[in-house]
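Q: Whatever this is, show me its structure:
(one chain, ligands or ions: 2)
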Amino acid sequence: MMTFMRFVPTLEQARVERTRLRAPIWWGLGERDLLEEEPTSIERLAVVVVRAVVHSRETWVRESDLPVRFASQPPMSEPPAAKPFRERSHRVFVGIVANERKRCTLCGVRRGLGPCGRCTGTGKVIQTKTDDGVGVAVDCKACADGFVTCTQCEGTGEVVVGRIRYVEDRSTKLRYAYVPTMSATLERAVESMLDESVEPPPSLQIDLAPREVRSAYRGAVAREEPTFHQHRFGDALERARAGVATLPSGASVVHRDVRAFAWPLLLLRFGGIGRPREAVLVVAPRGRLTGYVAPEG
Ligand SMILES: [Zn+2]
Ligand SMILES: [Zn+2]
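A: Residues are numbered from 1 along each chain as shown. Ligands and ions are numbered 1, 2, ... in the order given. So this is what the prediction gives:
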């Protein structure tokens, strides 16, 4: 038997396995076993499960005031992405814009010195006494009177204008189960059953792109929505495509792994005695045929 078959639910199998598909009886105590009834309709549908990881590198260049030593520094080369890929950011020196030196704007008060980051330039830090809890100000050990060597000019008081390339390596993930529209309780139940931890087997993998079929009529090419062994995706396919479209694309992409899977289910409707009911039969990731019943509609 094909391996995908164990993920295709059937009503017969649910009856054989005595899958729980019960609804409370509205007029009294007890439950109604929906499997003992004939559904008024059976829809073969499928969830679209997307598992995507995209590694991308965004870069942009900005002019910036740099210490004067950069005037004689050769340009740096852009570092390659880490292997295995990690989210990182780099700043790469591209070159200077003009050789002329400018007065550093950060150390206007005392040339070459900027405010200390630890004591925010006050020169004092609060040290809490343990016995009575009263805070006492003591001299900051990281600076002299609140001043440290200016970070922008490295203490020279002068800067040159250079270009810096900002490099951001980012990892974007999309792990979502797009359930075809049905009653909200059923959607949520199926969605949480197929949460991010679920890795669908390769036998359920599908192509998200529409299939092009050559029509017999004058060789016209029509687009046909894919199905998974007669299970339709409904609006789930369009929503999955829209989700994938939000992932980084184009030249910034270093590595792209986008996979989509079908997860078949049966949407059953019951009429007859009592109120109409909607229910779902679906094979859980561990292989157990599972039923969900929506509250009365
Ligand atoms: Zn300080
Ligand atoms: Zn400075």
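Q: quick one: secondary structure of residue 280?
A: strand (DSSP: H, G, I helix; E, B strand; the rest coil).
Q: and it, what does it touch?
A: Contacts of residue 280 were listed using CB atoms under 8 Å, 6 or more residues apart in numbering, and they are 182, 186, 189-190, 265-268, 291-292. Backbone N, C-alpha and C define where each C-beta goes, glycine included.
Q: let's go with 6 Å and repeat that
A: 186, 265, 267, 292 (CB atoms under 6 Å, 6 or more residues apart in numbering).
Q: Could you identify which of the residues you listed has the most neighbours?
A: Each of those was scored for neighbours by other CB atoms under 10 Å, and residue 265 scores highest at 27 neighbours.
Q: what's the longest strand in this protein?
A: Longest strand in the chain by number of residues (criterion: DSSP state E): strand 41-67.
Q: hmm, back to that, of the contacts of residue 280, closest to residue 203?
A: Checking these against residue 203 by CB to CB gives residue 265 as the nearest, at 16.2 Å.
Q: and residue 234, how many neighbours?
A: By other CB under 10 Å, neighbour count at residue 234 equals 20.
Q: Same check on residue 57?
A: 19.
Q: Need the pLDDT of it.
A: pLDDT, residue 57: 96.
Q: Return the residues in contact with it.
A: Applying CB under 6 Å, 6+ apart, the residues near residue 57 are 169, 252, 254.
Q: is the longest strand of the chain up against ligand 2 anywhere?
A: No. Strand 41-67 does not reach ligand 2 (CB under 5 Å from the ion); its nearest approach is 8.5 Å.
Q: Can I take it that residue 76 is in a strand?
A: No. Read with three-state DSSP, residue 76 is coil and lies in no strand.
Q: these two touch, right, it and residue 93?
A: Yes. Residue 76 is within contact range of residue 93, at 4.7 Å (criterion: CB atoms under 6 Å).
Q: The two - which one has more neighbours?
A: With neighbours defined as other CB under 10 Å, residue 76 and residue 93 compare such that residue 93 has more, 17 against 14.
Q: List the residues that contact that one.
A: Residues in contact with residue 93 (CB under 6 Å, 6+ apart) are residue 76.
Q: Show me what it is bridged to.
A: Counting by DSSP bridges, residue 93 is bridged to residue 164.
Q: And the pLDDT for it?
A: pLDDT recorded at residue 93 is 97.
Q: Equivalent analysis for residue 99, please.
A: In this model, residue 99 carries a pLDDT of 83.
Q: ok, and the closest non-adjacent residue to it?
A: residue 71 (5.8 Å; CB to CB, 6 or more residues apart in numbering).
Q: separation between the one you found and residue 85?
A: Distance of residue 71 to residue 85, computed by CB to CB, to the nearest Å: 35 Å.
Q: one step back: got the buried residues for the longest strand of the chain?
A: Neighbour counts over strand 41-67 (16 or more other CB atoms under 10 Å) mark 43-57, 64-67 as buried.
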